[in-house]
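>>> Take this sequence and fold it.
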Amino acid sequence: MADESAAEDAAVDGEPFPADETSFSALAERHRHALRVHCYRMLGSFTEAEDMVQEALLKAWRDRASFQERSTLGAWLYATATNTCLTALPTRRAGSAAREAGASPFTGVAWLQPYPDALLDRAAPAGGGPEGPAIARETVELAFLAAVQHLPPRQRAVLLLRDVLGRPAEEASRALELSVPAVKSALQRARTALRRLLPERRAGWGAATAPGQEERAVLRRYVEASHRADLDGLAVLLREDARQTVPPASLVHDGRAAVLDMWRPSPAGDQAWGDWVSVPLDANRQPAAANYVRMPGEAVHTAVNIDVLRVEDGLVAEITTFGPELLPVFGLPMTR
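Numbering: from 1, shown residues only. A predicted model of the protein is given here:
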């Protein structure tokens, strides 16, 4: 089955540019999900990624006269999608790649959203194919994506084309209209910046393609403790140096004590919001939970946020908290 998938993808790339729009759309559709992940990495926004892919596919068809036969259709589509994203990026304020040692890569990042694992699976089917390595866990984990958002746009594009997608330097050069030496220089600078931004233990948590049994066990305990409003139960799940970040607000709470202080008024006490319910889900190849609360006097639980966890050695090392807006994309309702 894997050989058939790989052969099919090779045929897509090996064919000349389709002569009619219907044939082009059929071939381009095979790349759509992987292109959406690529645009998501470029922009940090799930909602904008689909718009960028649609715009890129329309542009690729309109500019078909510029297609060079020495390039593959896949390379042409990735180049077009990359440049479509680059056009959008100058309107954004990029974060600074010059970070203090140990600083969170989420600080200053306001354009980050979670990505449902079910849609990542559509970009990298279990059957294999050349797109599979491009959806490796370490390149869709939130810490990596947050770090990438601090890179200048062209450095970001070079890093993603070369190190994530594995495209040759010559192809990246043509796609970005840069010289090969300029591509190599940009890649070196991007790699240096990422080493400062990413967690020191990244090599230890980036190998798997989905949350493992240990991570899922921690998530179950996290969900149960949240439902009971059990701060002591939540405390024992956190590393002493645990960190909670809220990217849209650029909030960072460093250390177990700071995280617990932030949580304390919500689940219990005089200022408690109400009855909490947490529902497990998978996002960015990490364990995650959707949190709902039923306020006093209300009949239903209303979605509050999405927590995405990074687990190290059986404890929660980082929690990244997002608003609940994308829950329908995960197949979950806004009320329960």
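>>> Tell me where the stretch 201-336 of the chain has strands.
Applying DSSP state E, counting those that start in this stretch to the stretch 201-336 of the chain gives strands spanning 238-246, 251-254, 275-283, 286-294, 302-312, 315-322.
>>> lowest-confidence stretch among these?
When those are compared by mean pLDDT, strand 251-254 comes last with a mean of 89.
>>> name the helices or strands packed onto that one?
strand 238-246, helix 256-263 (3 or more CB pairs under 8 Å, 6 or more residues apart in numbering; DSSP states H and E). The way it works is simple: take the backbone N, C-alpha and C, and place the C-beta from them, glycine included.
>>> out of the strands of the stretch 201-336 of the chain, which comes closest to Glu224?
Taking CB to CB, strand 275-283 is the member of the strands of the stretch 201-336 of the chain nearest to Glu224, at 8.1 Å.
>>> Please export the C-alpha coordinates of stretch 73-87 as PDB.
Extracted C-alpha coordinates of stretch 73-87, given in PDB (Å, rounded to 0.1, in the frame of the first residue of the first chain):
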ATOM      1  CA  LEU A  73       4.300  20.200  -9.900                       C
ATOM      2  CA  GLY A  74       4.800  19.700  -6.200                       C
ATOM      3  CA  ALA A  75       7.800  22.100  -6.100                       C
ATOM      4  CA  TRP A  76       5.800  24.600  -8.100                       C
ATOM      5  CA  LEU A  77       2.900  24.500  -5.600                       C
ATOM      6  CA  TYR A  78       5.200  24.800  -2.600                       C
ATOM      7  CA  ALA A  79       7.000  27.700  -4.100                       C
ATOM      8  CA  THR A  80       3.700  29.400  -4.900                       C
ATOM      9  CA  ALA A  81       2.300  28.800  -1.400                       C
ATOM     10  CA  THR A  82       5.500  30.000   0.200                       C
ATOM     11  CA  ASN A  83       5.500  33.300  -1.700                       C
ATOM     12  CA  THR A  84       1.800  33.700  -1.000                       C
ATOM     13  CA  CYS A  85       2.500  33.500   2.700                       C
ATOM     14  CA  LEU A  86       5.500  35.800   2.400                       C
ATOM     15  CA  THR A  87       3.200  38.400   0.800                       C
END
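>>> distance between that stretch and the chain's centre?
The gap between where stretch 73-87 is centred and where its chain is centred comes out at 18 Å by CA atoms, centre = their mean, to the nearest Å.
>>> Give me the buried positions along it.
Under the neighbour-count criterion of 16 or more other CB atoms under 10 Å, stretch 73-87 has 73-82, 84-85 buried.
>>> What are the contacting residues of that stretch?
With CB atoms under 8 Å, 6 or more residues apart in numbering as the test, stretch 73-87 has contacts from 9, 12-13, 15, 17, 27-28, 31, 35, 38-39, 42-43, 52-53, 55-57, 59-60, 63, 67-68, 71, 130, 153-154, 157, 160-161, 165, 167, 171, 174-176.
>>> same question, stretch 214-229
So stretch 214-229 is in contact with 211, 230, 233-234, 237, 267-268, 272, 276-280, 286-289, 291, 307, 309, 311, 314-316, going by CB under 8 Å, 6+ apart.
>>> Quick one, which of those are buried?
By neighbour count, with 16+ other CB under 10 Å, the contacts of stretch 214-229 hold 211, 234, 237, 267, 272, 276-279, 286-289, 291, 307, 309, 311, 315-316 as buried.
>>> quick one on the thing from earlier: filter the contacts of stretch 73-87 to the buried ones?
9, 12-13, 17, 27-28, 31, 35, 38-39, 42-43, 52-53, 55-57, 59-60, 67, 71, 130, 153-154, 157, 160-161, 165, 167, 171, 174-176.
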